[in-house]
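Undergrad: My questions concern the predicted model and sequence given below.
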6 protein chains.
Amino acid sequence: MTASTRPDNRAPDALRPVRITRHYTIHAEGSVLIEFGNTKVLCTASVEEKVPPHKRGSGEGWVTAEYGMLPRATHTRSSREAAKGKQSGRTQEIQRLIGRSLRAVFDLKALGERTISLDCDVLQADGGTRTASITGAYVAAADAVATLLKGGLITESPIKGPVAAISVGILNGTPLLDLEYVEDSTCDTDMNVVMTGAGHFVEVQGTAEGVAFTRQEMDALLALAEKGIDELVKLQAQALAA
Amino acid sequence: MTASTRPDNRAPDALRPVRITRHYTIHAEGSVLIEFGNTKVLCTASVEEKVPPHKRGSGEGWVTAEYGMLPRATHTRSSREAAKGKQSGRTQEIQRLIGRSLRAVFDLKALGERTISLDCDVLQADGGTRTASITGAYVAAADAVATLLKGGLITESPIKGPVAAISVGILNGTPLLDLEYVEDSTCDTDMNVVMTGAGHFVEVQGTAEGVAFTRQEMDALLALAEKGIDELVKLQAQALAA
Amino acid sequence: MTASTRPDNRAPDALRPVRITRHYTIHAEGSVLIEFGNTKVLCTASVEEKVPPHKRGSGEGWVTAEYGMLPRATHTRSSREAAKGKQSGRTQEIQRLIGRSLRAVFDLKALGERTISLDCDVLQADGGTRTASITGAYVAAADAVATLLKGGLITESPIKGPVAAISVGILNGTPLLDLEYVEDSTCDTDMNVVMTGAGHFVEVQGTAEGVAFTRQEMDALLALAEKGIDELVKLQAQALAA
Amino acid sequence: MTASTRPDNRAPDALRPVRITRHYTIHAEGSVLIEFGNTKVLCTASVEEKVPPHKRGSGEGWVTAEYGMLPRATHTRSSREAAKGKQSGRTQEIQRLIGRSLRAVFDLKALGERTISLDCDVLQADGGTRTASITGAYVAAADAVATLLKGGLITESPIKGPVAAISVGILNGTPLLDLEYVEDSTCDTDMNVVMTGAGHFVEVQGTAEGVAFTRQEMDALLALAEKGIDELVKLQAQALAA
Amino acid sequence: MTASTRPDNRAPDALRPVRITRHYTIHAEGSVLIEFGNTKVLCTASVEEKVPPHKRGSGEGWVTAEYGMLPRATHTRSSREAAKGKQSGRTQEIQRLIGRSLRAVFDLKALGERTISLDCDVLQADGGTRTASITGAYVAAADAVATLLKGGLITESPIKGPVAAISVGILNGTPLLDLEYVEDSTCDTDMNVVMTGAGHFVEVQGTAEGVAFTRQEMDALLALAEKGIDELVKLQAQALAA
Amino acid sequence: MTASTRPDNRAPDALRPVRITRHYTIHAEGSVLIEFGNTKVLCTASVEEKVPPHKRGSGEGWVTAEYGMLPRATHTRSSREAAKGKQSGRTQEIQRLIGRSLRAVFDLKALGERTISLDCDVLQADGGTRTASITGAYVAAADAVATLLKGGLITESPIKGPVAAISVGILNGTPLLDLEYVEDSTCDTDMNVVMTGAGHFVEVQGTAEGVAFTRQEMDALLALAEKGIDELVKLQAQALAA
């Protein structure tokens, strides 16, 4: 694997083809299939008229997320977390990240005492499942909010603006946008960046897989992430306008 | 809900529209999306070159199944089994049924010491998820076997013939084929029937939800199931021939 | 094992000796030791003046069941479920079956907002533990109801009629009634049938262990089950009249 | 509850009627129903030709115990540990005590690399379940050892002598032997004593339920326990000689 | 290991150096580091204005304990109970003992409807962790009660007197006080004794590790324990007076 | 809480007093108490001559970490994870971070097929427990490596250089170094930075708690972190030289 030849001759600063399909399933208030190339995540937003204990009586709502991966979403079958009887540390880390990211753009007061649960289930994995989840969950959440507005349960949207996420990494010294699996597993540094539509940071999680990275490399990665998120926010808007 | 007016004016002895999409995801040796009307189940078949302890050294293989339901596959969100830390009795009952049904058409000796794991994950539920799972899992298993044959790992198919499943029930005295959710939740008797392509029974599970059912009613239900399974077996064959 | 020579020269359509001992233990409202030959199950019925969440405030009661097997009830010791930290799929399947079977003959409205818990614990196993459990649990439940009537907590019995269960199977082409362990583990088809005193079906669960079974075989099995259950219902009545 | 009038006019230093029934169930190498009055415990001894990891290759065997209580062994139904998914601290404490007590009279070297598992399941509880368990488990273990000797797997008994257990307590200043439930729950001090046939102590567990107890009281309790265990050891010998 | 030469030439009836450090951590209402030689246990007492279900509305409080051992408190690393997902039987046995011991000196009515939770965490283990825990937990509990008195939440102390604990054992026929690890793991008899300041017994737990012990040996052990606890109670008082 | 007046008049770019105490407990190969002000973490490094399955036969070793918090390390008591039966998502996230951070400075080949387990247990918490854990775990790991070198098990150190971690945050627009609890819970942005002695990044985890942060703010935070880590690395070296 060398950085000069990405699969499909993708440019170092190019996203994979992104597809956002709304109303993918029929029961959820928001239901979005998001695809980043071969990575496919079903994001549903469910509205429930109750809140967890720490919000009861507060007048505020809650936004939370759960993440799962179908056993054969990956190259080799991984065991089912429900059968093992617990969620892995990785799963919990990811679902906590999705939850924080979405809460960052929600006015919980304006949501009222109700919960929006975002379920992000990976049907097919090829790298970037957590960033696709966040990006898709935003669209599902927006649809769920639209349902609440239409139903007269709230009169103004509690969403303060869009949020999206992308991965960036360094492979043989070259910064790359939106890593797919073969890139992710060989690159030296891997960073997931979550930003608002206004270009501000919500989460930055960078990890040196091999060699520690320099400040210059970090700057290059952040710039690349900004570019990618700018494009994703536009794609979210297009999908919601359709 | 009355039996005389099924949703979409379906005849009492008619299946819902069935769609079988092979190669739905890219990693699994067999990957099938099966739809019985609004019920959508992703069935993957994964081949692993190992067997559970009770088969080690036996020269025989194993076929097993797991079943899951995405939290918002249903009208209201149900909690995630991985987060709760255990699979419900219903889930275990269903995955045991799927496993037994598929093993009924497998020659485990001819499979050799390897395992085929069938993962049936419900993306959208509208009644009949277990029967759709069995019917789809057979197609996924057939694709996995084809992969083994192509790869020269086995020289003849261990599959003895097709297997499919359908639900039948009695609503206000009328026997109905392939119950959807609103029918399933109101009918008096609910029966799931699994049969081979030769028209023999693999599993019969009938439950009186309200009033106990008579021998005459049972006979009517079994006849209806035979008709439905005959059609499903043809649809499986068409899908595999495509 | 051949069908022509059953252990103890039992006829193909004969039950094993059935013994029903009421008041087997002193604390429970109903306590029955039921024996089908060497299979011995202690069935207790406990009345509690509370209902599970889904029945609260409904004016209706609940009937539920749990099943267990002592570790050395079987030929070789099986590990204790309490020590392993979970009930097997088989255990859950059986206790769900017992619960549904008993609820089928209960008028939950007439029971009032209370719960009858049926605990079926296998002291010694030799095939047919689930059918013995259902048959014995009915007698224990009847005793518990008698306690409620005597105590003036209810004025008419919520029991609509008796329920009993028996296993049937096919061994080398011969249909057999009430399988003991050596028969159960070698027969081609195994079916558990639960019926009311009126001869109607509550549950039918048939499984082809080896070869799939035909409609003719199924008919023979159902007829045999009807005969067996008719005898069991009489034995229940005799025990309750004693 | 006063000490001067024990139920059934039992003398302060009298055991309840003790009954020991061998061969109570058919599969286990040792199977004993022991009754201390209304307390009934089924003790089975199972021989397995394997040892836990810490004994592998040591040439020594292992003796272990598990304890359980049927849900309705008690006045009010207690929840099933297998359903709750864990054994209580009380259960673990008791089964560890039974295991240590039995190992105290076993020569593990002479047992050879095999395990004897003692399962003590309380069918009916009325105080003293742990002492009945130890006393009955010894008889079951002796029967299991006899099976090994008969089968030629060992040539001399690994049992060094009998072991038995009894509870003693102080109620309103009077020391009492073999407490039943109503006594146990009201007495100030509760002590369980495990002794060998030679009159030596294996375990002493005394607890001040209310007021702390003096050295004089302790001496009186130990003397009472010695008397009771002496009688139990004779009853064990009679049962084994029968 | 022989009894004649204890490590550090300690006399058979001598305690190890005991150190009691109050206010060891800053957040808890009581926080004590207790050292018995190389055994170091951090005991915190936490006051919470709520009681467990069985005390709600009773006007009484509750005192409870939990016990833990850091993974490398011992010679070789033991696995973390939080990671394994359950507390061992040994841990539960110990924390139940600590809780009962402390409740023995508390007037729960005078405590009022609140809970004192005693957390005993072993930072370094060298034998006697449970006896150090009880002895230290008493001091932490006393500090927590002082906080309640100072805050005016109660007007008189619910503590009826001190409680302390020590281990005693027999090594090659010699009774020894306060066993350290090398002694504990080789001695024939091991006894933990919990006593009040008035010299009465709260708990006595003696176990024959090898040979069963005689009444004479038991008497010697109890006398030794009395001596040790008398010293510990003085050290507790000194610490609380400082 | 305003940024202009930090507790103890600490300057915005000042660390809290840091203390590193080696050989804090006696059994572990490395045992370090690290204090960042009132935050106190016991970090032990345990060497075990075995590796997890994914490293067996690879010739490489493994470095892993576990994290825990004593129940009353915090202002109010939090429930014990061992008692609840599972580690929280937060705990797993932190221990995964510590493990990755330490592995970043280890040459696993040079370590040989053995495991170093780093246990970081928080005795007292006041913000920054994960950064103190990483900084202390490095010193404990260095001591464990010294033990291996001294014992001749390895001939050259597998440690490539030091690693340390610090938190930074923005409170009312002012970037602050090394947040204590009151600051952490009120600041808008919270970032944990892990760096090598050479000033390169190993991990960067930034989270907008309230308002998303700008690129300029991120730059300021990273600069502040660099300064803090530079000081910590010097303190680690001093401690190891002592």
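TA: Received, thanks.

Undergrad: Let me see the contact set for A:R103.
TA: Residues in contact with A:R103 (CB atoms under 8 Å, 6 or more residues apart in numbering or on different chains) are A:V63. Yep, even glycine has a C-beta here, placed from its N, CA and C like the rest.

Undergrad: Also A:T207?
TA: Applying CB under 8 Å, 6+ apart, we find A:T207 in contact with A:189-191, F:100, F:202-203.

Undergrad: quick one: which of those residues is nearest B:G85?
TA: Comparing the contacts of A:T207 against B:G85 with CB to CB places F:R100 closest, at 25.9 Å.

Undergrad: Mind checking which of the contacts of A:T207 are buried?
TA: Buried subset of these (neighbour count, 16 or more other CB atoms under 10 Å in any protein chain shown): A:189-191, F:100, F:202-203.

Undergrad: Including secondary structure, could the residues you listed go into a markdown table?
TA: Shown next, in a markdown table, are the buried ones among the contacts of A:T207 (DSSP: H, G, I helix; E, B strand; the rest coil):
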| residue | secondary structure |
| --- | --- |
| A:T189 | strand |
| A:D190 | strand |
| A:M191 | strand |
| F:R100 | helix |
| F:V202 | strand |
| F:E203 | strand |
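
Undergrad: Which pair of those residues spans the longest distance?
TA: By the measure CB to CB, A:M191 and F:R100 form the most distant pair in the buried ones among the contacts of A:T207, at 13.6 Å.

Undergrad: got JSON lines for the contacts of A:T207, with pLDDT and distance to C:I166 too?
TA: Below are these laid out as JSON lines (pLDDT from 0 to 100; distance: CB to CB, whole Å):
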{"residue": "A:T189", "pLDDT": "90", "distance to C:I166": "68"}
{"residue": "A:D190", "pLDDT": "92", "distance to C:I166": "62"}
{"residue": "A:M191", "pLDDT": "97", "distance to C:I166": "66"}
{"residue": "F:R100", "pLDDT": "96", "distance to C:I166": "60"}
{"residue": "F:V202", "pLDDT": "97", "distance to C:I166": "68"}
{"residue": "F:E203", "pLDDT": "97", "distance to C:I166": "65"}
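
Undergrad: does A:A237 count as helix, strand or coil?
TA: Classification of A:A237 by three-state DSSP places it in helix.

Undergrad: what's the nearest residue to it if we skip its chain neighbours?
TA: Leaving aside its sequence neighbours, A:A237 sits nearest to A:P162 (CB to CB, 6 or more residues apart in numbering or on different chains; 7.1 Å).

Undergrad: OK, contacts around A:C43?
TA: A:C43 touches A:30-34, A:118-120, A:133, A:136-137, A:139-140, counting by CB under 8 Å, 6+ apart.

Undergrad: can you do 10 Å?
TA: When contacts are counted by CB atoms under 10 Å, 6 or more residues apart in numbering or on different chains, A:C43 touches A:20, A:24, A:28, A:30-34, A:65, A:67, A:98, A:118-121, A:132-141, A:143, B:72.

Undergrad: same deal with A:H75?
TA: A:125-126, A:181, B:26-28 are the contacts of A:H75 under CB under 10 Å, 6+ apart.
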